[in-house]
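Asks: coords please:
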Amino acid sequence: MKFKILNAFQVSPMPNMITGPTMQTFPVTGPLYCPYYNIWGRDVYVRDQAFRDNPFTINASSTSGSPAIVDAKGQFFHFMTDAVEQGCQFDFDGKDTLIVTIPDGQTLYHDDNGDADTAWKHCNSVIMAAHPLLDPTRARPAHWDMIEYCTWVEQKRVMGNGTPHEVLCDAFVDDYMQRVDAMGLPKGKFTIDHGWTPGHFTYGDWDVDTKRFPDFAKTIGRIADNGFVPGLWMAPVWLHHLSRLVKNHPHLKGPMISPSTPDSPNKEDDWYYWVDCQQTFDLIKPVFKRFIDMGVRKFKWDMIYADKSFMKKLHILFYNAVKDIDPQVEVEIHQPDIFFTQYGDAIRTNDVLCNEKMAWRDLTLAHFKVCHQSAPGKVINLDHIAGNDPSITPQRFCEHLDLYRGVAGYPVVSLLPDSVGSLAVETLRDYLKDYEANPMPVSTFYQQ
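Replies: Here you go, the predicted structure:
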C-alpha cells in the first residue's frame, strides 16, 4: 500500500502555531493525557495531579511517547521540534490551567477544536514532512515486517531456581526452533534475548559465553538454516566498570546508571553510560559488525530508562553505527516519541505482566496507543503475545492475543503456547497465519 504525506500546512483545520520565546496560559479540562510520561509496568499516562515537566528531558521509562498533551475535551498540544529541547515545559496546576513555556526556536502546535485524533494526525504529518527518516514510503527489507520469535519469556519459564540468563544456550535455541516447527507455526525472525553473555561485566565488550555457545557464528547460521531470520538482544548504552573497554578507555565512562542488581554474577555491577563522542562510535561499530558478519539481521535494543534527551543522543550514535555497516539490519527500540523513532526501524510496545496482580489489559492497550500515535509511519513491534509472565492460563493467553487483533504491528511470540495448552496453540497459529496473509505492520496515525 502506498502512503502519501500531505503538505500539512495546506490542509484544514489550521492549528494555532505558537513560536517562542513565550509563555502561554491555556484553560484545560482534566485529567490530562501525557503520552511522554511513563513508569514501567503501570498505566500512568492520564494524570489529574499537578506536574511540571520538560517532555524532552524527562526520565523516560519503558514506553515514553511524543511531547504532547491532550485534555479531557480533546484540546491538543504538541512541541514541533527536538532541535530545541532545553527550556520546554508543560506546567499543570492539577485543576484547570496549563502553562506552556516555548523557548526561542521552538514551536507549539495547539488545537482546541475538540478532535484530538484529527489534530494529532495533522501534527504528525507536519513533522513527518520535515524528517525524511519518518517517510512511510521509504523502501524497507521484507524481514522488518515479519513475525518474530523471541526467547525471553521461555527463558523465564524454564529457569527454575536460577535466572533466565543461565538457561540460554545452544540446546535451548534448538529446542525452541523445533517446537515452533512441531506446532506448525509460520517462520519469521528469531531473536536470542538477554543471557548470551557470560555476565554483565562484559557489557561494553559484549563477549559471548563460550561455555553455553561454543561457536556463536554457527548458532546464528543454524537459525538461518532452519528458515528464520537471526536477531540478537543488546543493551548498547550499558557500559560495565569491569569491562576491558573501561579498563582501556576510562575516559569513555560517562554518568553512572545503576548500582548492583540481584542477578549480578559478581554482586558488584556498576553500569555507566558511554560518553557521546566520535571515539565511542569508533569502538561500538566493530562490536555490531562482529555480529552482523555472523549473520545477525536484527537487533533488539534495550535503553537505560533515564533522561530521554541524553539517551536519544547515544541511541542516534549507535543507530548510525549499525546503518554504516548495513542499512538493511533492523533496529528495534522501545521509545515511541516521534523524534526518537526516526532512529529506529521497529518500535516495540514493550511487555506487560499478564497476571491477576496487574491491570494488564489496560496497560497493553495503553502501550499500543502510545506507540501507534507517537510513531507514525513506523513498523510497530507487538511485544509480546501473552506478556512477560510464563504462568499465564490458556484463557488469559488468548485474551491478550485478542487485544492485538486488527491493530497495526507485527506479532512477537516469546512464550511458546505448547506449554500453555492446545487452545493457545491453535489460536496463535491461526492469528499468525492471518498476519502472514494480511500484514499490517505500520502505524498510519497521520493525515494521508
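
Asks: Going by C-alpha atoms from here, please, whenever you check contacts or count neighbours.
Replies: Noted.

Asks: which residues in the stretch 201-350 of the chain form helices?
Replies: Here the stretch 201-350 of the chain has its helices, by DSSP state H, counting those that start in this stretch, at 216-225, 244-248, 278-294, 308-325.

Asks: Of all the ones you listed, which one comes closest to residue 190?
Replies: Of all the helices of the stretch 201-350 of the chain, helix 216-225 sits nearest to residue 190, with 7.3 Å by C-alpha to C-alpha.

Asks: relative to helix 278-294, how tilted is that closest one?
Replies: Relative orientation of helix 216-225 and helix 278-294, computed by axes from the mean of the first three to the mean of the last three C-alpha atoms, to 10 degrees: 60 degrees.

Asks: hmm, who's touching helix 216-225?
Replies: Here helix 216-225 makes contact (C-alpha atoms under 8 Å, 6 or more residues apart in numbering) with 170, 177, 190, 208, 210, 213, 229-230, 294-296.

Asks: same question, stretch 358-373
Replies: 35, 41-43, 45, 63-65, 120-121, 336-337, 347-354, 380, 382, 400, 403, 408, 443-445.

Asks: From those, keep the buried residues only.
Replies: Taking 16 or more other C-alpha atoms under 10 Å as the criterion, what is buried in the contacts of stretch 358-373 is 35, 41-43, 45, 63-65, 120-121, 336-337, 347-354, 380, 382, 400, 408, 443-445.

Asks: and of the helices of the stretch 201-350 of the chain, who's closest to residue 103?
Replies: Of all the helices of the stretch 201-350 of the chain, helix 308-325 sits nearest to residue 103, with 16.2 Å by C-alpha to C-alpha.

Asks: ok now the closest one, how far from the chain's centre?
Replies: Computed by C-alpha atoms, centre = their mean, to the nearest Å, the separation of helix 308-325 from the middle of its chain amounts to 14 Å.

Asks: Tell me which other helices or strands it touches.
Replies: Applying 3 or more C-alpha pairs under 8 Å, 6 or more residues apart in numbering; DSSP states H and E, one finds that helix 308-325 makes contact with helix 278-294.

Asks: what comes up buried for the helix it packs on?
Replies: By neighbour count, with 16+ other C-alpha under 10 Å as the criterion, the buried positions of helix 278-294 are 280-281, 284-285, 287-289, 291-292.

Asks: try stretch 48-60
Replies: Buried residues in stretch 48-60, defined by neighbour count with 16+ other C-alpha under 10 Å: 53-60.

Asks: same deal with stretch 386-402?
Replies: By neighbour count on 16+ other C-alpha under 10 Å, the buried set for stretch 386-402 is 386-394, 396-401.

Asks: what does stretch 79-92 give?
Replies: Neighbour counts using 16+ other C-alpha under 10 Å place 79-82, 84-86, 88-92 of stretch 79-92 among the buried residues.

Asks: Equivalent analysis for stretch 167-182, please.
Replies: Neighbour-count burial for stretch 167-182 flags 167-170, 172-173, 176-177, 180 (criterion: 16+ other C-alpha under 10 Å).

Asks: what's next to that stretch, contact-wise?
Replies: The contact list for stretch 167-182, computed with C-alpha under 8 Å, 6+ apart, reads 151, 155, 158-159, 186, 192, 195-196, 212-213, 219, 223, 226, 416, 418.

Asks: Show the average pLDDT along it.
Replies: Mean pLDDT, computed over stretch 167-182, is 99.

Asks: Which positions are bridged to residue 19 in the beta structure?
Replies: Taking DSSP bridges, one obtains residue 107 as the residues bridged to residue 19.

Asks: Need the CA coordinates for the helix or strand residue 395 falls within. CSV is fine.
Replies: Per DSSP states H and E: residue 395 is located in helix 394-402. What follows is helix 394-402, C-alpha atoms only, in CSV (Å, rounded to 0.1, in the frame of the first residue of the first chain):
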residue,chain,number,x,y,z
PRO,A,394,-4.8,-20.6,28.3
GLN,A,395,-7.8,-18.2,28.6
ARG,A,396,-5.5,-15.3,29.5
PHE,A,397,-3.1,-16.2,26.7
CYS,A,398,-6.0,-15.9,24.2
GLU,A,399,-7.4,-12.8,25.8
HIS,A,400,-4.1,-11.0,25.5
LEU,A,401,-3.7,-12.1,21.9
ASP,A,402,-7.2,-10.8,21.1
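
Asks: roughly how far out does that helix sit from the chain middle?
Replies: Centre-to-centre, helix 394-402 and its host chain are 22 Å apart (C-alpha atoms, centre = their mean).

Asks: what's the answer for stretch 401-415, then?
Replies: How far stretch 401-415 lies from its chain's middle: 15 Å, per C-alpha atoms, centre = their mean.

Asks: and it, which residues are buried?
Replies: Neighbour counts over stretch 401-415 (16+ other C-alpha under 10 Å) mark 401, 404, 408-415 as buried.

Asks: what mean pLDDT does that stretch have?
Replies: What stretch 401-415 shows for mean pLDDT is 97.

Asks: who's in contact with the closest residue in space to residue 28 that isn't next to it in sequence?
Replies: In space, and not counting its chain neighbours, residue 28 is closest to residue 96: 5.0 Å by C-alpha to C-alpha, 6 or more residues apart in numbering. Neighbour list for residue 96: 27-30 [criterion: C-alpha under 8 Å, 6+ apart].

Asks: Are any of these buried, and if so which?
Replies: 28-30.

Asks: These into JSON lines, with extra columns for secondary structure, pLDDT and distance to residue 341?
Replies: Listed next are the buried ones among the contacts of residue 96 as JSON lines, based on DSSP: H, G, I helix; E, B strand; the rest coil; pLDDT from 0 to 100; distance: C-alpha to C-alpha, whole Å:
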{"residue": "28", "secondary structure": "coil", "pLDDT": "98", "distance to residue 341": "29"}
{"residue": "29", "secondary structure": "coil", "pLDDT": "98", "distance to residue 341": "30"}
{"residue": "30", "secondary structure": "coil", "pLDDT": "98", "distance to residue 341": "28"}
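
Asks: Wait, a helix at residue 369?
Replies: Yes: assessed by DSSP: H, G, I helix; E, B strand; the rest coil, residue 369 belongs to a helix.

Asks: At the geometric centre of the protein, which residue sits there?
Replies: residue 334 (1.4 Å; C-alpha atoms, centre = their mean).

Asks: nearest to residue 71, of the helices of the stretch 201-350 of the chain?
Replies: helix 308-325 (23.3 Å).

Asks: same question for that closest one, mean pLDDT?
Replies: Across helix 308-325, pLDDT averages out at 95.

Asks: Show me what that helix is in contact with.
Replies: Here helix 308-325 makes contact (C-alpha under 8 Å, 6+ apart) with 56-60, 85, 236-237, 274, 276, 281, 284-285, 288-289, 303-304, 329, 331, 340, 343-344.

Asks: which ones among those residues are found in strands?
Replies: The strands, defined by DSSP state E, take in 274, 331 from the contacts of helix 308-325.

Asks: coming back round to it: now, which of the buried ones among the contacts of residue 96 sits nearest residue 109?
Replies: The closest of the buried ones among the contacts of residue 96 to residue 109 turns out to be residue 28 (C-alpha to C-alpha; 15.2 Å).
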